[in-house]
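J.: A structural model of the following input is requested.
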Amino acid sequence: MDGPPGNDFCSICHGHFNIACQANCSHWFCGDCIMLVWHHGSALQPCICPLCRRQITLLVPGEASLRERNDPNVAEVLGKIERYNHLFGGNTSSFVQRMQDLPFLLRRLLREIMDPQRSLPLVIKARVYIAMVLSAIYVISPVDIIPEGIVGIVGLLDDLLVVLICFLHVAAIYRSVLYSRYGGS
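T.: Numbers count the residues shown, from 1 in each chain. Model (predicted):
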């Protein structure tokens, strides 16, 4: 989504979104509100989502917020979000955190690939396509680490593992794109 749902409100201030940004847990907040939540807690650690209690390690500003970048107030909040992402967006996270971020990152990546107005660098698109094609070839091919013909349904575990690794790899690639766009160096 390029922005929060039209009938939704910020869960922190209970008002309309002002400089909307989406957290890696897929919840939307006002940029100023989520920065206040972060500063209210420890500024040395990522803040916790007020709705689902997950660590917020990446904040992605909405398209409307980015278009208003020339406004000094918006620029200030976007600068804070960029600093937050610089501090916490590039950290290697745990396997559980990566699994929790997977739906958020894959949905955004799919929307970005399908939207002709947006453009991912060709190298990133190529890496995504190559990873997906190679994992599809492995799943389809009769050559398996654990053959289905011998061990039955248990033989699908290696196929599922390859697909999971592929999705995690693609999500890590896209996360690095988002990190460099919204706060990385």
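J.: which residues touch the residue positioned nearest the centre of the chain?
T.: By CA atoms, centre = their mean, the chain has its centre lying nearest to Leu105, at 3.5 Å. By CB atoms under 8 Å, 6 or more residues apart in numbering, Leu105 lies in contact with 24, 171, 174-175, 178. In short, each C-beta sits where N, CA and C put it, glycine included.
J.: what's the longest helix in this structure?
T.: helix 156-181 (DSSP state H).
J.: now that one: buried residues?
T.: Residues 158-159, 162, 166-168, 170-171, 173-175, 177-179 are the ones in helix 156-181 that count as buried (16 or more other CB atoms under 10 Å).
J.: picking up where we left off before, state the helix or strand in which the residue nearest to the centre of the chain lies.
T.: Here Leu105 sits within helix 95-114, counting by DSSP states H and E.
J.: least confident secondary structure element in this protein?
T.: helix 148-151 (a mean of 77; mean pLDDT, DSSP states H and E).
J.: distance from it to the middle of the chain?
T.: 37 Å (CA atoms, centre = their mean, to the nearest Å).
J.: what's in contact with it?
T.: Taking CB under 8 Å, 6+ apart as the rule, helix 148-151 contacts 155-156.
J.: where in the protein is pLDDT low?
T.: Applying pLDDT under 70 to the chain picks out residues 1, 91-93, 184-185.
J.: picking that back up, so which of the contacts of Leu105 comes closest to Gln55?
T.: Lowest distance from Gln55 to these (CB to CB) belongs to Asn24, with 8.3 Å.
J.: and the gap between the closest one and Val162?
T.: To Val162, Asn24 is 25 Å away according to CB to CB, to the nearest Å.
J.: farthest residue from the center of the chain?
T.: Computed with CA atoms, centre = their mean, the most peripheral residue in the chain is Ile150, at 38.9 Å.
J.: and the gap between that one and Leu157?
T.: Ile150 is 13 Å from Leu157, by CB to CB.
J.: burial count for the nearest residue to Gly155 once chain neighbours are set aside?
T.: Leaving aside its sequence neighbours, Gly155 sits nearest to Glu148 (CB to CB, 6 or more residues apart in numbering; 3.4 Å). Neighbour count of Glu148, defined by other CB atoms under 10 Å: 15.
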